[in-house]
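Q: please work out how this folds:
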Amino acid sequence: MTASLHLMKLCVGAEGPDDLARWQQQRYGDGPAMHVTRMWPKREDELLNGGSIFWVFKGIMLARQKLLRLEERFGDDGIRRCALILDRDLVRVAAIPRRPFQGWRYLDPKDAPDDLPENRAAEEALPAKVAAALSEMGLV
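A: Alright, predicted model coming up:
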């Protein structure tokens, strides 16, 4: 069996997980959410074996959504793209600072943050500097 793998992606335009959830609700209703990207992941089997996309908001990884499947899409320009079809459940995770990057990146499960317990899911994220300092000390 193929081991699982995750993706991480900057969430541009959303203030945090609640803002992303509202935007996805407005755009997709009750159906699965989607993120279209230019590149098709070469490690598709690993991603679809329990993988998630981890969202980074303003330099802090705060949430994830399970990857359901990948679908081919063609833009008006005729270029083939990959639609990441996502579970609508946005799961809050322990805050981990991330430097800016372009596109998406693979994320090994051992490097992925833990899910927050349900009783902590509504907490505000720590300020970026505090989260970075705690991460450097190995406390998050």
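Q: wait, A94 sits on P117?
A: No - with contact defined as Cβ atoms under 8 Å, A94 does not reach P117; the gap is 10.1 Å. All C-beta spots, glycine's among them, are computed from the backbone N, C-alpha and C.
Q: so which of the two has more stuff around it?
A: Remark: of A94 and P117, A94 carries more neighbours, 18 against 8, as counted by other Cβ atoms under 10 Å.
Q: got a list of what D30 touches?
A: Under the criterion of Cβ atoms under 8 Å, 6 or more residues apart in numbering, the contact list for D30 reads R88.
Q: can you do 7 Å?
A: By Cβ atoms under 7 Å, 6 or more residues apart in numbering, no residues touch D30.
Q: so it sits in a strand?
A: No - under DSSP: H, G, I helix; E, B strand; the rest coil, D30 sits outside any strand and is assigned coil.
Q: how near is it to A63?
A: 19 Å (Cβ to Cβ, to the nearest Å).
Q: also P17?
A: To A63, P17 is 4 Å away according to Cβ to Cβ.
Q: these two: which has the busier surroundings?
A: Comparing P17 with A63 by other Cβ under 10 Å, the one with more neighbours is A63, at 28 against 22.
Q: quickly find the element holding the most centrally placed residue in the chain.
A: Taking Cα atoms, centre = their mean as the criterion, F54 is the residue nearest the geometric centre of the chain, at 2.4 Å. For F54, the enclosing helix or strand under DSSP states H and E is strand 52-57.
Q: so, low pLDDT: which residues of this structure?
A: Along the chain, the parts satisfying pLDDT under 70 run over 1-3, 119-140.
Q: strands of that one, start to end?
A: With DSSP state E as the criterion, the chain has strands at 6-10, 33-37, 52-57, 60-74, 80-86, 91-97, 104-107.
Q: R43: which of those strands is closest?
A: strand 104-107 (6.6 Å; Cβ to Cβ).
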